[in-house]
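Chemist: The following block contains a protein sequence and its predicted model.
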Amino acid sequence: MIKMEYKDLIFPAGFKWGTASSAHQSEGGNHNDWSEWEQVQGNVKDGTDSQVACDHYNRYEEDFDLMKEFGHQVHRFSIEWSRIEPSPERWDERELEHYRRVIQALLVRGIQPMLTLHHFTNPIWFRDLGSWLNPEAPEIFGRYVGKLVSELKDFDIIWNTINEPMVISAMGYLFGEFPPQRKDFGDAQVVSRHLLMAHGQAAEAIRETYEESGKNHPLIAPVMSVSHFMPEDPDDPDDVELATYLDELYNHMWIKGAITGKVIDAEGNEMRYEALENSVDFIGMNYYSRQVVSSRMDFLNGEMPEKTIAERCDGLDWEVFPDGYYPLIKTFWERYGKPLWMTENGIGTMDDSLKCRYIISHLQQVYNAIQDGVDIWGYLVWTWVTNFEWAQGFMSDFGLVGMEPSTLQRIPRESAYLLKDIIEHNGITKEIQQRFLQ
Ligand code: GCO
């Protein structure tokens, strides 16, 4: 075996580390469009649901204690819309108080809250109004955000508006794998446009609420899921063209709209959407894997080439492919010139040594991008405690901290200690790389 020569990869001073999660996947006890969908047999692959999740709603202090013990500096989480606004414009004071306590609990432990306003789930009444296909959806969401932000503006919060708009539109409206399980390219386009407008409405509500109370503008960002599209046959111009098309469609079209403030309307015309102005202070990037595509298959109907995968995520067709990370980061920086946060990266596996290798090999890419001049502010692993992985249920375990199923007791894995080590050194030392990669 060839012995690799490693060197210390130390990140810039002030670089921030932590983990990310979402309300529905961790809290338990939610009632929203997802929780109802989960009750239909066959929708969640392993037959589980999110009703217990990791009971984070009741155990957040314990979870934050552990984060503090492990040196975390930031935690990204979401607020569950259906709890705050259980019916239109009826605000649940008890739930608002709950989330104030959650935020406070992070702050007193010295952990910066990064708060996601929308992470996949919707209130039942919003679903019944047509969900993201409803032309009024952006305003309805903006109204909610205005209320929520007016309640939370006194806390030091970094705001994420919409989490992974293209996943909502592709998985829910094109591939039919998430609720509402539609399979219609036109619908998917409408949803992605409405989510873009909703992002604008949310950003505007945040800016105005802060301005009205004489506060400084906080940091606001949308969070993009990015995937590295590759042609199955790099010498086939049709494959190359398809990969380029999908890269534009999935990775760029939406964020370009948020940055330029332009939306493509139903007739295909470009129009300015004022609320999008100054709506992006930085971009959150979630990277997991690559996507190999072939022009001989109907990708938009869910057909993808068979591939032999050496290392993968459990329960999902996601190959470990760190080399796809750097080019995406670099392109985002070159095209949009906005600072970046790596808001999610990780792998669902019971093989914790694979999880450790995954994190290190992806961080090498982040480090290289920083060396090449990209302004990256932080890196968050998905996720801290084992939680509910959407249509996979509990088949894909992304946790750095495992959970004893009957007692829900938290059990830090070696990967949790790895992250602690990385945070202590503000990087991946030579020793860390040797320990895990050799
Ligand atoms: C997201 C992600 C998470 C997933 C993670 C692993 O939307 O931010 O989908 O919710 O759990 O990406 O699949």
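Modeler: That came through, no problem.
Chemist: Surely residue 300 and residue 176 touch.
Modeler: No: the criterion here is CB atoms under 8 Å, and residue 300 misses it with residue 176 at 11.8 Å. Heads up, the C-betas are built off the backbone N, CA and C, glycines and all.
Chemist: Excluding covalently adjacent residues, which one is nearest to the residue in the chain that the ligand sits nearest to?
Modeler: Taking CB to the nearest ligand atom, the ligand has its nearest neighbour within the chain at residue 164, 4.3 Å off. Closest residue to residue 164 apart from its sequence neighbours, by CB to CB, 6 or more residues apart in numbering: residue 225 at 4.1 Å.
Chemist: what do you get for residue 126?
Modeler: Leaving aside its sequence neighbours, residue 126 sits nearest to residue 140 (CB to CB, 6+ apart; 6.6 Å).
Chemist: can you check residue 109 too?
Modeler: residue 68 (4.3 Å).
Chemist: for the residue nearest to residue 126, what are its contacts?
Modeler: By CB atoms under 8 Å, 6 or more residues apart in numbering, residue 140 lies in contact with 88, 126, 129, 134.
Chemist: Residue 419 in helix, strand or coil?
Modeler: Secondary structure state of residue 419, per DSSP: H, G, I helix; E, B strand; the rest coil, is helix.
Chemist: element containing the residue nearest to residue 109, please.
Modeler: helix 56-69 (DSSP states H and E).
Chemist: other SSEs contacting that helix?
Modeler: Under the contact definition 3 or more CB pairs under 8 Å, 6 or more residues apart in numbering; DSSP states H and E, helix 56-69 sits against helix 93-108, strand 410-412.
Chemist: what about 6 Å?
Modeler: On a contact count with 3 or more CB pairs under 6 Å, 6 or more residues apart in numbering; DSSP states H and E, helix 56-69 meets helix 93-108.
Chemist: Around the ligand, which positions in the protein sit nearby?
Modeler: Neighbours of the ligand within the chain, by CB under 6 Å from any ligand atom: 22, 25, 163-164, 167, 286, 344, 382, 389, 398.
Chemist: mind checking how far stretch 150-166 is from the chain centre?
Modeler: 13 Å (CA atoms, centre = their mean, to the nearest Å).
Chemist: Would you tell me which helix is longest in this structure?
Modeler: For the chain, the helix with the greatest residue count under DSSP state H is helix 185-212.
Chemist: Mind pulling the model confidence for residue 256?
Modeler: The model reports residue 256 with a pLDDT of 98.
Chemist: Is it within a helix or a strand, and which one?
Modeler: Per DSSP H and E: helix 253-260 holds residue 256.
Chemist: Can you tell me which of the residues of the chain next to the ligand end up in strands?
Modeler: The strands, defined by DSSP state E, take in 163, 286, 344, 382 from these.
Chemist: Using TSV, lay out those together with distance to residue 435 and neighbour count.
Modeler: Below are these laid out as TSV (distance: CB to CB, whole Å; neighbours: other CB atoms under 10 Å):
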residue	distance to residue 435	neighbour count
163	33	24
286	27	21
344	25	25
382	23	23
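Chemist: Residue 29: neighbouring residues, count only.
Modeler: Residue 29: 14 surrounding residues under other CB atoms under 10 Å.
Chemist: got it, and residue 65?
Modeler: For residue 65, the neighbour count with other CB under 10 Å is 14.
Chemist: before we move on, back to that, tell me which strands the helix or strand just after the longest helix of the chain pairs with, and in which orientation.
Modeler: Following helix 185-212 in sequence order, the next helix or strand is strand 220-231 (DSSP H and E). Sheet pairing for strand 220-231, assigned by DSSP bridges, gives strand 158-163 (parallel), strand 283-293 (parallel).
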